[in-house]
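Asks: pasting a predicted model and its sequence here:
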Amino acid sequence: MVRSNTASAMEIGGPIRLTRPGDAEILALTTLCALDMYTTLWWVLTGQAVEANPMLAWTFEMNPLVFVAVKAGTFLPALLLARHFAREHPKFSVFLLRAVLFAYVAIYLFAVK
C-alpha cells in the first residue's frame, strides 16, 4: 500500500466551493434537474404517473436508463455552457440563471398534477 504525505491526495470529495459568479445558481439548477429526473423515474416506474413530455415518454418503452441518459444529456451540457458563459458575463448570467430557476420551479408547480 502506498501512502501519501498529503491528505488531499487521499480524499475524493471535499467541501463544495462556490467561488465564481453563477456557481450557486448552477448548483441549484443541477439539484432541481436531478430531483425532477429521479422523481419522474420513481413515479413512472411505480405506476403513479406517466411522462408528460412526448419527447421523453418513448425512453421508458426502451429502458429507464435511456430516460436517465437522455434527461441528463439535456441539462448537463446546458449547465456547463452556463458556467462558461458566467466567466465572460457574470452579472447577466447570474440574472439569467435566476430567471431560469424561477421558470423551472413555476413550470414544475403548474405541470405536476
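Replies: It's in. Numbering: from 1, shown residues only.
Asks: make it CA atoms for all contacts and neighbour counts henceforth
Replies: Will do.
Asks: pLDDT weak spots in this structure?
Replies: 1-19, 113 (pLDDT under 70).
Asks: what segments of it are strands?
Replies: For the chain, applying DSSP state E gives no strands.
Asks: spatially central residue in it, please.
Replies: Residue closest to the mean C-alpha point of the chain, counted by Cα atoms, centre = their mean, is Thr30 at 2.7 Å.
Asks: from Tyr38, how far out is it?
Replies: 12 Å (Cα to Cα, to the nearest Å).
Asks: for Arg87, same thing?
Replies: Taking Cα to Cα, one finds Arg87 at 30 Å from Tyr38.
Asks: state the number of residues packed around Ala82.
Replies: 20 (other Cα atoms under 10 Å).
Asks: quick check: closest non-adjacent residue to it.
Replies: Excluding the flanking residues, the one nearest Ala82 by Cα to Cα, 6 or more residues apart in numbering is Ser93, at 7.2 Å.
Asks: which residues sit in contact with the one you found?
Replies: Gly22, Ala82, Phe85, Ala86 (Cα atoms under 8 Å, 6 or more residues apart in numbering).
Asks: so of the residues you listed, which ones are in helices?
Replies: Judged by DSSP state H, the subset of the contacts of Ser93 located in helices is Ala82, Phe85, Ala86.
Asks: where exactly do the helices run in the protein?
Replies: Counting by DSSP H, the helices of the chain are 23-45, 54-62, 64-88, 90-111.
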